[in-house]
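# Quick one, fold the following:
(5 chains)
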Amino acid sequence: MGIAVEAVIALVKIAVVLGVVSLVVAYLTYLERKIIAHIQQRLGPMRVGWHGLLQPIADGAKLFLKEDIIPDKADKVVFVIAPIMVLVPAFVVYSVLPFSSTFYITQVNIGIFFILAVSSLGVFGIVMAGWASNSKYSLLGALRSAAQMLSYEIFLGFSIIGPLMLAGSLNMQKIVEAQSDVWFVFYQPLAFVVFFIAALAETNRVPFDLPEAETELVAGFHTEYSGMKFAFFFLAEYASIMVVSTVAVTLFFGGWQGIGWIPLPGFVWYVLKLGAMIFVFIWIRATLPRYRYDQLMRLGWKFMFPLVMANIFLTGLVKFLFL
Amino acid sequence: MELAFFYLFAAGIVGASLLMVTRANVIHAALLLVLAFLFMAGLFVLAGAEFLAGVQILIYAGGIMVLYLFSIMLMNVGVAVRLRQWHRQSVLALAAAVLLGAEVWAVLGRGGYPGAKAWGWGLGQTPGNVEALGEVLYTKFLFPFEVASILLLAAMIGAIVLAKREITR
Amino acid sequence: MPDEAQPDGKEEGGASAPAGAKAPPAQDLRELVEREYAGAVLEQTAYKDLASEATLVVRMDALVQAGALLRDHPSARFRLLSDLTAVHYPGDERPFHVVYHLYSFDHNRRLRLKVKARDGEQVPSVVPVWGGANWMEREVYDLFGVSFKGHPDLRRILLPEDWGSHPLRKDYPLEGRGERVYTKPRRKEFGD
Amino acid sequence: MFEVESSTRVERSSVVPGTEELIINMGPQHPSTHGVLRVILRLDGETVKDCDCDIGFLHRGTEKIGENITYTMFIPYTDRLDYIAAPSSNLAWVTAVEKLFGWEIPMRAHYIRTLVAEFSRISSHLLWLATHALDIGAMTVFLWCFREREMVLDLFEHAFGARLTVNAFRLGGLFQDVPQKFLDLSQEFADLFPGRIGDYETLLTDNRIWLQRTRGVGVISADDAIDLSLTGPILRGSGVRWDIRRAQPYAAYPYLDFVVPVGENGDVYDRYLVRIEEMRQSTRIIQQCLAQLPKGPVSCKVPRTIKPPAGEVYHSIENPKGEFGFYIVSDGSETPYRVRIRPPSFVNLGGLKKLALGGLVADVVAIIGSIDIVLGECDR
Amino acid sequence: MVPLTHYLALGAILFLIGAAGVLMRRNAIMILLSIELMLNSVNITFVGFARQWADLTGQVFAIFVIAVAACEAAVGLAILISLNRDRQMMNVDEINLLKW
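Numbers count the residues shown, from 1 in each chain, chains lettered A, B, ... in the order given. Next up, the predicted model:
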């Protein structure tokens, strides 16, 4: 009966993580609105609950009850599958994230590789949504996002090679343990810069939110979506922000490892670092304008690609010579 | 247990690829192929090839198939759906394929493979096959690896030259 | 009312003034045009001051040449076509007065050119002289029904493609059904 | 023999149209066309191959209306032309009519008109900056600008009782003198505003992404700009130092000291810089107006029925968007014979094709933003 | 433990589906997709053999196959795009000129 107990434990863990993550992601939208509002010297949501604390729930209820419109000329099957295709990879990734030294759903020995691989599937949902909507704006958004995510995945992948070389493992827990002395961000600043930019692009955040650029492509790939399907895209975006922030914290900021002697549980450290990371994401959204498509590509291939290659070379050289 | 999962994945792969070959809409076909690839990744995990499963998803599904979708969207599929889909030789081709299938079936039916060897790494076991695979890839197969990278480079240059437009302005 | 021109030479022209083009402003623009194209100017009205309300009525066939001359002649240099419009005088023999308001950066003064057209007569287009006339002529065509010969893209601009009438004409009915028949336009992309 | 033919299928695939070309209807309900403008773009990939504007969705026949009502009755209609800077439109109309009559306006009225016109310039430029930055993706500037624009609109409310369509001026001067509170608040605003401009500039002027998005985009040379009759900040952005406030001054401008900023390259960035500097200069003008404001009546003697002499007049002022003029033909009766509105947005928008060709879709958005159109006055 | 024949049979079935697709479809993209399917069927047999004999060579070759597939996709799609651009055709039985 061992396998049944294991399965039940795993299912409970999955349920807990899914529930918590969904709630956190919903409140991430609230957090973003509040932070941006205060940067812009206004109040943000204030009406639902104390300081608008119930706003995400109200939003969720509204989106859930909204009429679900499928355009007449859309490819209906693909149109319906697309939001699911975006949401599922974003949540599957949580199965390997190390929340603390003891709490995780599963340990995979290709952990970080698994995250990269699964999150690369998110682009399918976007491309499918853009194509199935049968709208020109959506199609343009889908084309942009296909090119953008394909390119930036490469930089994302290459930028984590440096820390991985130092850690000598793909397992998320081992990577964290390898940083018990010094965080890798101090060894690998270049890699972190590239990783952060690529992460912004992968999650379609400002200044790389070209696939959905409201003012050019109206809303890009999700122009035609409404109700719950639209909410799925939204949730997926914030879920992936959480994922990339977690990966950044894990790879560069020592995961759940604390600073010095301050006695806090690992999970708290993890949440603190994650929060700081997410704050930077939101801060950037409030500050920067949007790149143009060709500039985005130029930045990627002419600036970040050589940088990250040099980083890998240097890391290898140093490791070969001194370690 | 393992066998059940194998049948599940195999059924998924075969079903998706059968549907894929018969679709008129190229986008649908490509998406079905992605589905088949995801099932295949599951199959690889089952066979103890986790790294390969990752590569399958990352490169095949996340890279090559996105490239396909991108190119298909650049071309106009709307009209292509209304064209005749099947080649004139298709009945002949089907016959040939069935014949080939019968032959393979006959060969497989004879069986006679040596028994399985012990597998030092497998599902859920922590040392994993990533290290081992890397070891083999960068020692024993270093030369083929380098050749493959040259091939990729050549393909990249070729693709750029082929698809590049004459700059008239 | 301080509408006298302010002699502020260093302010105007700026980067746009071509080399060696500075010349004293012509005192009599009619003479300037007539010297080149005799008989081009039919009348000269309201010559109150140089700065604003000078008006030349030009013969229609000499319009483009006169315009080019006024644009390029160093003592005229009316490079900016400020405005182009029309006025409708239904009783007249030539009911449509097409009015061009020109401005000269170099001399800081305005000039009003006028052309009088018969109903249905084509006025030569000044787009080759002032590119900005493109939309303005389209508007006059739209609202007055004056068509322009040689215009690159003469379509209606403010009203729907098949409005069927020209509302700024004085005989356009202000109430009742009259000419204001609107039918659903044919779908049109990129000119004809 | 092996035909698998179906009669509904098309044999040749040569009917497949050319690839990668896409016709996009931008607007009339598009977030960045700033109103009901429809731009039809033919794209090759993301490059603009052709561009055609479809306007007139907001056409209300204002010129025709003007021919059928008296000169005074037309003032509120001018509010609805450039509704972003309504006092500016009022000013154009009343000064044009006063020029037709040959009236002398009291100095205090001139100064207050100038003051309000400069406020309307600031309000218009703030709205431009807000939407332009938002179009390029900078979200915070949008809300910051609206904060200050709100203050300007409050000022209008203090002076004229309305915020947007203020109906500010009357023929012959003002309806009544402005309250002292308006002047105090104006002073407060004028002291505060330069710092706020600095805030916007912190976010944009040296921002690398902003520079990349605006520099070298939508370039037009001075000669082309003049040829296309472009006026206002676009013309000045191309390096032509021409401002009607300075070249052919009206109202109180001859007595005020201000600089006409010009750009060098004629791109979106230079237009941005010009408008930012114009806001600073407007603040300067407001300071001077408040300091020099003379005492006295605010209106000249205006007859009960206004009948102008027969004749015609063209008068234009420097609207925030460019040359805003009225060409009035009078036949001596109480109503004008012909009212022509010289719309800066309409003429400037005519240059869009020239600016946008060869750029990318994202550039079109930036360029429309930098032209700064308002459709109320473009479509009339 | 899944018997080797299962892997081989699955590989064979996929290969046949792919081959039938290559031979029967007119649309060039469909042919490329079918080729991808055939390459993957080979991967399955490689992995099956690697499993059977506990030898990583099979997996290494599968990786090489994926590299080749990437090349094939890039070049094939480049050819198709240029064909489609110049001649507006996507069907193999129309592509019968050696030069144009």
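
# So residue A:301 sits against residue A:151, correct?
Yes. Checked against C-beta atoms under 8 Å, the pair residue A:301 and residue A:151 is within contact range at 6.9 Å. Every C-beta, even on glycine, is put in place using the N, C-alpha and C of the backbone.

# what about the two, which has more around it?
When residue A:301 and residue A:151 are compared for neighbours, residue A:151 comes out ahead with 19 against 13, by other C-beta atoms under 10 Å in any protein chain shown.

# host element of that one?
Element membership for residue A:151, per DSSP states H and E: helix A:136-159.

# Residue D:43 in helix, strand or coil?
strand (DSSP: H, G, I helix; E, B strand; the rest coil).

# Tell me the bridge partners for it.
Beta-bridge partners of residue D:43, counted by DSSP bridges, are residue D:22, residue D:48.

# Is any residue of the lengthiest helix in chain E near chain A?
Ranked by residue count and defined by DSSP state H, the top helix of chain E is helix E:57-87. No. For helix E:57-87, no contact with chain A is found by C-beta under 8 Å from any C-beta of the partner chain; the gap never falls below 12.1 Å.

# How far does that helix sit from its chain's centre?
9 Å (C-alpha atoms, centre = their mean, to the nearest Å).

# any idea which element the residue nearest to residue E:44 when sequence neighbours are not counted lies in?
Of all residues not flanking residue E:44 in the chain, residue E:11 sits nearest, at 4.4 Å (C-beta to C-beta, 6 or more residues apart in numbering or on different chains). Using DSSP H and E, residue E:11 falls within helix E:4-24.

# buried residues in that helix?
E:4, E:6-24 (16 or more other C-beta atoms under 10 Å in any protein chain shown).

# the helices in chain C, which residues?
Under DSSP H, chain C gives helices at C:29-36, C:63-72, C:133-144.

# any idea of the angle the last one forms with helix C:63-72?
What it means is helix C:133-144. Put simply, helix C:133-144 runs at 140 degrees to helix C:63-72, going by axes from the mean of the first three to the mean of the last three C-alpha atoms, to 10 degrees.

# Packing partners of helix C:133-144?
Helix C:133-144 sits against strand C:80-88, strand C:148-149, helix D:344-349, with contacts defined as 3 or more C-beta pairs under 8 Å, 6 or more residues apart in numbering or on different chains; DSSP states H and E.

# Rebuild the ones you listed as a markdown table, extending it with distance to residue D:39.
Output for those, formatted as a markdown table (distance: least, C-beta to C-beta, whole Å):
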| stretch | distance to residue D:39 |
| --- | --- |
| strand C:80-88 | 23 |
| strand C:148-149 | 24 |
| helix D:344-349 | 9 |
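
# now the closest residue to chain E within the stretch 151-300 of chain A, nearest residue through space, not along the chain?
Here the residue of the stretch 151-300 of chain A nearest chain E is residue A:154; by C-beta to the nearest C-beta that distance is 12.6 Å. Closest residue to residue A:154 apart from its sequence neighbours, by C-beta to C-beta, 6+ apart: residue A:305 at 7.5 Å.

# Just list the residues touching the one you found, thanks.
By C-beta atoms under 8 Å, 6 or more residues apart in numbering or on different chains, the residues touching residue A:305 are A:154-155, A:158.

# Okay, strands next: where are they in chain B?
Secondary structure of chain B by DSSP state E: no strands are present.

# follow-up on the earlier one: as JSON lines, the helices and strands packed on helix C:133-144 with mean pLDDT would be great.
JSON lines is the format used below for the helices and strands packed on helix C:133-144 (pLDDT from 0 to 100):
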{"stretch": "strand C:80-88", "mean pLDDT": "88"}
{"stretch": "strand C:148-149", "mean pLDDT": "87"}
{"stretch": "helix D:344-349", "mean pLDDT": "89"}
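
# now for these, which one comes closest to residue C:140?
Within those, the stretch nearest residue C:140 is strand C:80-88; the backing value is 4.8 Å (C-beta to C-beta).

# Next, the angle from that closest one to helix C:63-72.
150 degrees.

# how about residue C:99, what does it touch?
Contact analysis of residue C:99 by C-beta under 8 Å, 6+ apart lists C:83-87, C:112-114, D:327, D:340.

# Quick check: of those, which lies closest to residue D:130?
Closest approach between the contacts of residue C:99 and residue D:130, by C-beta to C-beta: residue C:83, at 29.8 Å.

# if we can go back for a sec, tell me which helix or strand comes right after the helix holding residue E:11.
That would be, after helix E:4-24 and using DSSP H and E, helix E:28-53.

# Let me see the contact set for the residue nearest the centre of chain C.
Taking C-alpha atoms, centre = their mean, the centroid of chain C lies closest to residue C:100, which sits 2.4 Å from it. Counting by C-beta under 8 Å, 6+ apart, residue C:100 touches C:67, C:81, C:83-84, C:112-115, C:126.

# Go again with 7 Å.
Counting by C-beta atoms under 7 Å, 6 or more residues apart in numbering or on different chains, residue C:100 touches C:81, C:84, C:113.

# what does residue D:283 give?
Counting by C-beta under 7 Å, 6+ apart, residue D:283 touches D:190, D:193-194.

# Columns neighbour count and pLDDT on top of the residues you listed, output as a markdown table?
Below are the contacts of residue D:283 laid out as a markdown table (neighbours: other C-beta atoms under 10 Å in any protein chain shown; pLDDT from 0 to 100):
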| residue | neighbour count | pLDDT |
| --- | --- | --- |
| D:190 | 22 | 89 |
| D:193 | 20 | 90 |
| D:194 | 13 | 90 |
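
# burial count for the closest residue to residue D:146 other than its chain neighbours?
Of all residues not flanking residue D:146 in the chain, residue D:130 sits nearest, at 5.8 Å (C-beta to C-beta, 6+ apart). Other residues near residue D:130 come to 22 when the count uses other C-beta under 10 Å.

# same thing with the one 10 residues further on?
If you count neighbours by other C-beta under 10 Å, residue D:140 ends up with 22.

# What residues of the helix or strand harbouring it count as buried?
Using DSSP H and E, residue D:140 sits in helix D:139-160. Going by neighbour count (16+ other C-beta under 10 Å), the buried part of helix D:139-160 is D:139-146, D:148-149, D:151-153, D:155-156, D:158-160.

# show me where the stretch 201-350 of chain D has strands.
For the stretch 201-350 of chain D, strands defined by DSSP state E, counting those that start in this stretch occupy the ranges D:311-319, D:322-330, D:338-342.
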